[in-house]
Structures are given as structure tokens and as C-alpha cells.
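Structure of the sequence below:
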Amino acid sequence: MAKQTETESKNLFLTIFSGKEPKIKQLQCAVALLRETLSQPENPRVVELWAQMLVGFGNEDLAAAFNTVALTSTRWPTLGDITAPILEAEYAADLAWLLHGLRLHKKDWHDRPAVYGPEYRKPGAEIDDWTKGPLLEAAIPAPPIPPRLVRALQVLGAGTLPDGLAELARHPQGGGQWDVVDTGKVKFQVERDFKAAWMMARRSELAGK
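The predicted structure follows:
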């Protein structure tokens, strides 16, 4: 038997969410396809409710989640079966972005200055006439922190963004320096607290607040 081509084996839900129809219509089609895939009877009310409740998630994330559920479920899933992996992936990506930013821009989130090689004197120059060394690394402006993460950091910092950044900077991957014995403990505590703050921010976002 010939192997399936990439087009033949592509995610059908991605086809739905790549269309030009309104988002609600795309979701309705995706839920209906999922019911058909899992041999469930038609249920217009469930289609409508799911479409309304999932509208706040990204199209590619929804396509991947629907496809996974269609391929792995033996029963009709809950909404959480769709949203849990999306939220987990969003959280992991947001945490990684912030930790990378803290390594570059520190807890006060400042621009990272350019790095130059050692200064030198050109032949015949005066004793105090130094020339700046060659550029080794260009300056890196501190990027704006997205609103969702600002809100999460404010929750983490008991109301202020600077305190939230300082707390997250305790993470070993965010610049925090700890004894080997304490590293795992601090990492766990910071991630636990930030995830709780992030979930509060994401829930508010989904609720349109």
C-alpha cells in the first residue's frame, strides 16, 4: 500500500481552523466533526456551548487539541480535555519567555547594553586617546511585557510588576543563585506560585476582563 502523502494525512481540524469563516462557525464545525469522529449522536446544544466557551483560544492550538482528542479518546471528552493541554503549553511558553528575558534584562527589565572588545590605542595616539574596541554583541532592547504576563507578575508580586519580576528572578533559570541543595526547592516554589498567578490572569483574560 502506498504511503499517505502529507496532504492526505493532515489534521482535518487544522483545515477547519485555517478557513475564512467566523471563529464561532469554525468551532461549531470542529465540534460537529469531533462528534462524528467519536460516533456520537448529533447535539446542537453541545456544539453551540462548546463554540462559545472555546472562542478565546488560538486556532492552531485548538486544531492540535481537537485532533489529539479525536485520535485518543474512547468516550466523549470534557471541555477540560481540550483546554488543559492548551493552557499547559501556553503557561510553559510564557514562563520560558520571561525566564529568558530575566537572564538578559535582569529583574529591573532594562535594555541590555552593547558589548565591546577591549579599548586600544592607535599607533601614535596620545596616552589618554583610547579607541573603543570592536562590537562583540549588539544592544538588546528590553521587549514590552504582554498584558497577560504583566497581570500575572502583578499577582505574583502582591500588586506590583517590579516585585513580581524580582520574585520570578529567584528562579534558578531566571538568574537566581542558590546552593545546589536549595535549587530544586526554590524552582518548585517559584514555578508553583507563578503558575497560580498565571492561571488567575489567563482566567480573567478568557472572561474578557
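
Which parts of the protein are strands?
In the chain, the strands defined using DSSP state E lie at 115-116, 135-137.

List of residues touching the first one?
The contact list for strand 115-116 (Cβ atoms under 8 Å, 6 or more residues apart in numbering) reads 132-137. No exception for glycine: its C-beta is placed from N, CA and C like everyone else's.

just the residues you listed now: which is nearest residue 97?
residue 137 (20.2 Å; Cβ to Cβ).

Leaving out sequence neighbours, find the closest residue to the closest one.
residue 115 (4.0 Å; Cβ to Cβ, 6 or more residues apart in numbering).

And residue 138, by the same measure?
Among residues not flanking residue 138 along the chain, residue 114 sits closest, at 5.7 Å (Cβ to Cβ, 6+ apart).

doesn't residue 132 make contact with the one you found?
No: counting by Cβ atoms under 8 Å, residue 114 does not reach residue 132; the two are 9.9 Å apart.

returning to that earlier point: quick check: which of the strands of the chain is buried the most?
For the strands of the chain, the largest average neighbour count (mean count of other Cβ atoms under 10 Å) is found in strand 115-116, namely a mean of 12.

quick one: average confidence on that strand?
Taken as a whole, strand 115-116 carries a mean pLDDT of 88.

do the same with stretch 142-151
96.

For it, output the C-alpha coordinates as PDB.
These are the backbone C-alpha positions of stretch 142-151, laid out as PDB (Å, rounded to 0.1, in the frame of the first residue of the first chain):
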ATOM      1  CA  ALA A 142      14.000  45.100  26.700                       C
ATOM      2  CA  PRO A 143      10.800  43.900  25.000                       C
ATOM      3  CA  PRO A 144       7.400  45.000  26.200                       C
ATOM      4  CA  ILE A 145       5.900  42.500  28.600                       C
ATOM      5  CA  PRO A 146       2.500  41.300  27.200                       C
ATOM      6  CA  PRO A 147      -0.600  42.300  29.300                       C
ATOM      7  CA  ARG A 148      -1.300  38.700  30.400                       C
ATOM      8  CA  LEU A 149       2.200  38.400  31.900                       C
ATOM      9  CA  VAL A 150       2.000  41.900  33.400                       C
ATOM     10  CA  ARG A 151      -1.200  40.800  35.200                       C
END
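
which residues touch it?
94, 97-98, 101, 104-105, 109-112, 153, 161, 198, 200-202, 204-205.
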